[in-house]
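Undergrad: Pasting a predicted model and its sequence here:
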Amino acid sequence: MANTDPSSVITALAGEIDGAVEWLKRSALPIWVDVGHDAETGGFFERINLDGTANRNDNRRARVQPRQVYCYAVGGDKDAPASWHAAATTAFAWFEQVYRRPDGFYGSLASPTGTMLDDSFDLYNQAFALFAMAQIAQTFPPRAREMEDKARALLAGLRATYAHPLGGFEEGDPVKLPLCSNPHMHLFEASLAWEAVAGDPAPWTALADEIARVALTRFIDANTGALREFFDHDWRPYPGDKGRIVEPGHQFEWAWLLARWSASRGDAAAMNAATRLFDIGARHGLCPSREVAIMGLFDDFTISDPVARLWPQTEWLKAAILLAKVGDPADREHYLDQALQATRALKKFLATKVTGLWFDKMRPDGNFIEEPAPASSFYHIVCAILEADTVLKRIQTR
Ligand SMILES: O=P(O)(O)OC[C@H]1O[C@@H](O)[C@@H](O)[C@@H](O)[C@@H]1O
């Protein structure tokens with residue numbers, strides 16, 4: 001699998017990434033707004049069928065709307081059709097109108113016409129609300145102040161009601177177990193996005209630093225270097241097999257975030273943790289025959305779930321390309337080669353008959369499950385392709 005000539009790896013990687021950018025701009029962004037956006041309500045559909053028609057009757061998860069808002073705010077650059085930015089704006093308005101509860105938190109699930117079906121609090125959904133607000137602030141400067149006020153109020157609410165005494169956040173009020181690393185990962189992502197765009201970055205810097213500390217001291221096992229998913233109320237591994245789950249996609253996703261954080265803070269220990277996470281994902285989380293990242297391991301690195309979903313491939317790519325830039329220069333060729341492998345893995349999932357859609361799950365036998373493409377994966381794809389394009393260009397010009 002490994003390709004050892006550095007210049008040929010960069011050339012191959014640049015070719016793959018150019019192809020991915022082309023696919024994104026010419027096929028994916030157009031179809032997910034033309035077919036995937038519901039002009040009647042202003043929100044986004046959950047899924048597009050593989051024949052290219054919208055799946056209009058799905059209920060809509062709160063996480064999907066802000067993820068799609070991010071895609072069309074960040075993807076709609078100056079040459080983009082006006083409909084892309086318009087879709088981001090109307091979907092955010094729909095999200096606010098439908099999911100926002102009187103206490104300022106966001107509920108979890110709504111019907112296609114906008115009736116709230118499950119208004120329960122989920123930390124995960126609050127993280128994506130914050131993330132979308134940051135991208136709106138970035139893309140639409142006249143709305144920056146409004147978004148910052150809104151995001152600050154949401155963060156204040158989270159701190160007031162859900163702050164965990166040992167750092168990080170609770171899953172519920174009253175206490176709900178297990179505690180989870182996953183929503184913290186997305187809060188970390190949102191805090192880094194806000195740190196870059198806020199008029200007053202201080203609360204976001206504090207949030208990012210707090211989450212990094214909890215990740216380094218609680219989520220990551222000091223002996224193996226692996227990051228777990230589920231915890232008891234003292235941030236110890238949750239009892240039973242649940243507490244032993246280690247997801248390769250999340251090893252990569254946290255590696256990317258901790259590498260970003262470490263580069264901005266000059267924190268060498270965090271960079272070591274990030275490279276170790278990457279290494280665990282790459283050593284134990286890749287299927288040699290299918291050449292893709294799989295869903296689940298246990299803490300002894302045996303396989304807990306051999307299915308390969310699309311999103312871990314995007315996280316593999318983001319972490320590899322960034323570590324090629326900010327990691328140990330002696331390992332650059334290794335990371336570039338990993339980025340090339342990840343790009344090729346991602347491409348397998350994008351090979352649908354109607355261009356611009358994707359398969360979400362590859363079975364252990366290498367066949368994809370034939371099912372509608374979920375909108376929830378788009379944010380992973382957009383972020384990975386834009387990150388790979390930007391970082392590779394920086395690597396090439398230095
Ligand atoms: O499962 P969906 O909604 O497609 O989201 C895709 C995935 O995104 C990742 O960043 C993680 O948070 C996963 O736990 C999640 O499953």
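TA: Cool, got the structure. Values in this document were obtained by computation on a predicted structure and should not be read as measured data.

Undergrad: in stretch 70-84, what's buried?
TA: Residues of stretch 70-84 classed as buried: 70-76, 84 (neighbour count, 16 or more other CB atoms under 10 Å). Placement of C-beta: from N, CA and C, glycine included.

Undergrad: and which of the residues you listed is nearest to residue 25?
TA: Ranked by distance to residue 25 (CB to CB), the buried residues of stretch 70-84 are led by residue 75 at 7.7 Å.

Undergrad: Pull up the gap between that closest one and residue 318, please.
TA: For residue 75, the distance to residue 318 equals 16 Å [CB to CB, to the nearest Å].

Undergrad: Now do the helices in the stretch 1-150 of the chain.
TA: Assigned helices in the stretch 1-150 of the chain, in chain order: 6-23, 29-34, 64-74, 82-99, 123-139, 144-162 (criterion: DSSP state H, counting those that start in this stretch).

Undergrad: Around the ligand, pick out the residues from this structure.
TA: Proximity of the chain to the ligand, by CB under 6 Å from any ligand atom, involves residues 63, 182, 253, 311, 374, 376-377.

Undergrad: if you set the cut-off to 8 Å instead, what comes out?
TA: 61, 63-64, 124, 182-183, 185-186, 247, 249-250, 253, 309, 311, 315, 360, 374, 376-377, 380 (CB under 8 Å from any ligand atom).

Undergrad: looking at the helices of the stretch 1-150 of the chain, which is closest to residue 305?
TA: helix 123-139 (19.3 Å).

Undergrad: residue ranges with poor pLDDT in the chain?
TA: Low-confidence segments of the chain (pLDDT under 70): 1-6, 398.

Undergrad: For it, which residue gets nearest to the ligand?
TA: Using CB to the nearest ligand atom, the single residue of the chain nearest to the ligand is residue 376, 3.5 Å away.

Undergrad: Please verify my assumption that that residue contacts residue 63.
TA: Yes: between residue 376 and residue 63 a contact is recorded at 6.3 Å, counting by CB atoms under 8 Å.

Undergrad: what about the two, which has more around it?
TA: Neighbour count, other CB atoms under 10 Å: between residue 376 and residue 63, residue 63 has more, with 22 against 19.

Undergrad: Apart from its neighbours in sequence, what residue is nearest the more buried one?
TA: residue 128 (5.0 Å; CB to CB, 6 or more residues apart in numbering).

Undergrad: now swap in residue 232 and tell me
TA: Closest residue to residue 232 apart from its sequence neighbours, by CB to CB, 6+ apart: residue 238 at 5.5 Å.

Undergrad: Now do the one you found against residue 329, distance only.
TA: Remark: distance between residue 238 and residue 329 (CB to CB) = 39 Å.

Undergrad: what about the two, which has more around it?
TA: Neighbour count, other CB under 10 Å: between residue 238 and residue 329, residue 238 has more, with 20 against 9.

Undergrad: so who does that one touch?
TA: Residues near residue 238 by CB atoms under 8 Å, 6 or more residues apart in numbering: 177-179, 230-232.

Undergrad: The same query, at a cut-off of 7 Å, please.
TA: With contacts defined as CB atoms under 7 Å, 6 or more residues apart in numbering, residue 238 is in contact with 178, 230-232.

Undergrad: Which pair in those has the greatest spatial separation?
TA: Greatest spatial distance among the contacts of residue 238 (CB to CB): 230 and 232, at 8.5 Å.

Undergrad: Can you work out which residues contact both of the two?
TA: With CB under 7 Å, 6+ apart, residue 230 and residue 232 have common neighbours 178, 238.

Undergrad: the more surrounded of these two?
TA: More crowded of residue 230 and residue 232, by other CB under 10 Å: residue 230, with 19 against 13.

Undergrad: Against residue 115, how distant is the closest residue to residue 201 other than its chain neighbours?
TA: Distances taken as CB to CB, 6+ apart place residue 195 nearest to residue 201, at 4.7 Å, with adjacent residues excluded. Note on residue 195: its distance to residue 115, by CB to CB, is 36 Å.

Undergrad: Equivalent analysis for residue 183, please.
TA: 25 Å.

Undergrad: what does residue 194 give?
TA: 31 Å.
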